[in-house]
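In: Sharing a model prediction with you, sequence too.
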2 protein chains.
Amino acid sequence: MGKILIQNVDVLTLNENGDVLYRTNIAIAEGKIQSIGAVPAHFEADEVIEASDHVAMPGFFNAHTHAPMTFERGWADDLPFDRWLNERIWVAESALTREDVRWGAYLAAAEMIRAGTIGFADHYFFMDEVAQVVEEAGLRANLAWCVFGMGAETEIGRGLEESIAFVQRWQGAANGRIRTVLGPHSTYACPPDFLVMVAEKAAEFGVGIHIHLSEFREQLESSLAKYGVTPVQFLAQRGILDHPTIAAHCIHITPEDMDILQAKKVNVVQCPNTHMKLGMGVTPVPELLARGVNVALGTDGPASNNDLDMLEEARLATLLQKDHHMDPVILPAELTLRLATQNGAKALGFPESGVIAPGRPADLVLFDFRKPHLRPRHNLLSNILYAAKSPDISHVIVDGRILMKDGELTTLDEERILYEAEQRAFRMVKQDMHIVRAYDLGQRG
Amino acid sequence: MGKILIQNVDVLTLNENGDVLYRTNIAIAEGKIQSIGAVPAHFEADEVIEASDHVAMPGFFNAHTHAPMTFERGWADDLPFDRWLNERIWVAESALTREDVRWGAYLAAAEMIRAGTIGFADHYFFMDEVAQVVEEAGLRANLAWCVFGMGAETEIGRGLEESIAFVQRWQGAANGRIRTVLGPHSTYACPPDFLVMVAEKAAEFGVGIHIHLSEFREQLESSLAKYGVTPVQFLAQRGILDHPTIAAHCIHITPEDMDILQAKKVNVVQCPNTHMKLGMGVTPVPELLARGVNVALGTDGPASNNDLDMLEEARLATLLQKDHHMDPVILPAELTLRLATQNGAKALGFPESGVIAPGRPADLVLFDFRKPHLRPRHNLLSNILYAAKSPDISHVIVDGRILMKDGELTTLDEERILYEAEQRAFRMVKQDMHIVRAYDLGQRG
């Protein structure tokens, strides 16, 4: 790993004090931030980034997604949830191949790097493909192979054993950039006995869990009717929450549920864009934060979002709470940016990331502020949260390696990815052939 | 005006049928769309835009803003409304000069062109400055000089007479790209007699009105307590709504109010980002649309938003209604894009704009789809509304003139605007001097 000097840069450190630094320098060596301020004597940079009028901040962590679902972007919009799922998503995914997952993950990786996401918690199928893409792209990830514990293709035991083998193959791979956990789908899609088995295996192999939790009001009502407890209490009773857990959504939860999530140190992930787009409701983020729960943000899959843009999630997170509580003061800018960066890093198992400080991993992004919508610079935090767009990000550095430089991806063949992924996505959903032909001509002709 | 040929472009026409065209050509001459499809014989383009993998759609119309408030971007966030207004906005604006308005409008114009906004309804002070910037930038605008009808600086009569003189100076200027209306601030900031006078002057000079209406619940309650009628009914009684009216916000309105807005053909403007950020509530857009009211979208001023990004407003408009009604089907993509384009055009007095069709004004933008977040192209409407970012816009054409070409502004000196506007904005709010010095060095040193 080479040495990098970022000079004349403004910095949102997101450290404990919330320090904002102006026109300073960041020296990077051995994958870590060596110093901020005066450049160390004898520091010979292999790469100098002149960053006047740029702002550095910790990169984003997407704490819940299904990245290869880029293939279904724009394929299932403005539909009721049951039709979204049954007529579109299941139909498309019934034809899903291992190669589709590979190319869907490539497309997602290119999109995430461009949007300043440096780590993501993925929950999907054929996860070896995703892991290989993460390794090649240079990103961080927390990967879970989704298991149901029922159905013809996913018998109890077999699916889980395969997913444990996946965990063993990839835990700590890519210089520690890859972490793995178990991925039971949810309380409503997994049989109760299967969830107990997942908890036992998590204990046996010392791994965490990534699960969907309390997404729709009907799930809360049906759990109360069937088991007499909420989905959160149902999981707690089965030992699932005794292991480090990423719980996506947590919308329809009670005050008692919040106390459990706090006591069990569960990482709660709100996905504001998806929650709004599918009309799911509002995660009680301020109430959870008040209890000390680690709340992070996620995009969910691009079939419901429709992108992988964490800056947009952060903006929606605060706007949604301000709207919901009719309170312009709630979830202010700095706190919201912490949710999208360091809280996600913690949820994914990279607790050292998410702060720009000496000794921390060199995991950061630069925003190019030479844009009318980013001036004047009265408040860099406000300008980023409330006005910047993800394409304003010019540079992305993960683990001391430059993944995007002046808007150019350095680890991925983007042109090939755009073409291959789109052609495969068209085939997967059997898109109207005159459109496919138009773009085939467009690319080749 | 030269002839322009856009070739190999995909087109969201937003015509009555919602036609989407693939790999076609748009020929532009004399400021109008001459043809779509086969290029007319003997059409000699002065400018050819090769637009493979680009999508054309009508440009955005921002139906309510205070554009020169770019100077206060990021200056007043995460505050209660009364502190936002009294400690920040009024304080900053007490030092506002004619030159500040000029440079604030320049900064806004650069930002709007970059974000694909081709026309805006502005409501502010020193409006001759804004008009000159509009003329130079090549945009369309509907301009209102804000009047209160009370207070030392704005006596009844004098402010209104000046604003009528402004209307007479600029109505129809810049090849018809500038329209003007009267701008009484609101029912709560203007005395009742003054509003009657405004209505009489609107009749006398045959112009429309742009006003704030029913923004906060307290306004509804206080109007009911003081006058026994809602703010909408109060305006209707005083004849204000008998003239073409742009009514910004209309959040706290009754079913009877909606009937009045429909009967009086009022143009209602929702500003979703500002409404969410200041916790103001939700404009009943689906209910208004069901009555046939022309609903458009606006950003409001950059002190409360914090940008002038109509694509973001469109996305928020649908997400907010889906969330509010817990209904993923409401306000689908095509309808939402119509609000942000042709409904705004109609509200501003440019009813021919907002559709890509032969004979219509050449008022359109191109999105560059060579981006991972815009693939696959299953549905171009969905990809633009739910995934695109304003910086994906590469070209902007207004009245047959190219205002942005491959990301370069053609009518404005952007570098100078960024510098001058920021320095003046710092001085206006008396920003912390070490920051001012940092950026002064940054630009000059």
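Out: Nice, I can see it.
In: Give me the distance between A:D399 and A:E99.
Out: 28 Å (C-beta to C-beta, to the nearest Å). All C-beta spots, glycine's among them, are computed from the backbone N, C-alpha and C.
In: of these two, who's got more company?
Out: Neighbours per residue (other C-beta atoms under 10 Å in any protein chain shown) separate A:D399 from A:E99, with A:D399 holding more: 22 against 12.
In: Would you check how far apart the residue nearest to that one when sequence neighbours are not counted and A:G359 are?
Out: Leaving out its chain neighbours, the residue that sits closest to A:D399 by C-beta to C-beta, 6 or more residues apart in numbering or on different chains is A:G31, at 4.8 Å. Separation of A:G31 from A:G359 (C-beta to C-beta): 11 Å.
In: More neighbours: which of those two?
Out: A:G31 (17 against 10).
In: Hmm, the residue nearest to A:D399 is touching A:A362, no?
Out: Yes: A:G31 lies in contact with A:A362 (C-beta atoms under 8 Å); the separation is 5.9 Å.
In: shared neighbours of the two, anything?
Out: By C-beta atoms under 8 Å, 6 or more residues apart in numbering or on different chains, A:G31 and A:A362 have these common neighbours: A:D399, A:G400.
In: so who does the closest residue to A:L278 other than its chain neighbours touch?
Out: Residue nearest to A:L278 in three dimensions, not counting chain neighbours: B:P328, with 4.8 Å by C-beta to C-beta, 6+ apart. If you count contacts by C-beta under 8 Å, 6+ apart, B:P328 has them with A:D78, A:L79, A:P80, A:F81, A:W84, A:K277, A:L278, A:G279, B:K322.
In: Could you export those as TSV, including distance to A:Q168 and pLDDT?
Out: Formatted as TSV, the contacts of B:P328 follow (distance: C-beta to C-beta, whole Å; pLDDT from 0 to 100):
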residue	distance to A:Q168	pLDDT
A:D78	42	89
A:L79	39	89
A:P80	41	88
A:F81	36	83
A:W84	35	85
A:K277	37	97
A:L278	35	95
A:G279	40	96
B:K322	42	98
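In: For chain A, give me the ranges with low pLDDT.
Out: Residues of chain A meeting the criterion pLDDT under 70: A:1, A:151-158, A:431-445.
In: center of it, which residue is that?
Out: Closest to where the C-alpha atoms of chain A average out (C-alpha atoms, centre = their mean) is A:N62, at 1.6 Å.
In: strands paired with the strand or helix carrying that residue, and their directions?
Out: Per DSSP states H and E, A:N62 falls inside strand A:60-65. Take DSSP bridges as the rule and strand A:60-65 pairs in its sheet with strand A:117-124 (parallel).
In: After the strand it pairs with, which helix or strand is next?
Out: For strand A:117-124, the succeeding helix or strand toward the C-terminus, using DSSP H and E, is helix A:127-137.
In: and A:M326, how many residues sit next to it?
Out: Using other C-beta under 10 Å, A:M326 has 15 other residues around it.
In: Which helix or strand contains the closest residue to it other than its chain neighbours?
Out: Distance criterion C-beta to C-beta, 6+ apart; nearest residue to A:M326, sequence neighbours excluded, is B:G279 at 4.1 Å. Using DSSP H and E, B:G279 sits within no helix or strand.
In: my guess is B:G279 contacts A:D327, does it?
Out: Yes: assessed by C-beta under 8 Å, B:G279 is found in contact with A:D327 at 5.0 Å.
In: So for those two, which sits in the more crowded spot?
Out: More crowded of B:G279 and A:D327, by other C-beta under 10 Å: B:G279, with 20 against 14.
In: A:A92 - that's part of a helix, no?
Out: Yes: judged by DSSP: H, G, I helix; E, B strand; the rest coil, A:A92 forms part of a helix.
In: Pretty sure it sits against A:R73.
Out: No: applying C-beta under 8 Å, one finds A:A92 not in contact with A:R73, separated by 11.0 Å.
In: So between these two, which is more surrounded?
Out: A:R73 (33 against 21).
In: so what's the more buried one closest to, chain neighbours aside?
Out: A:P302 (4.4 Å).
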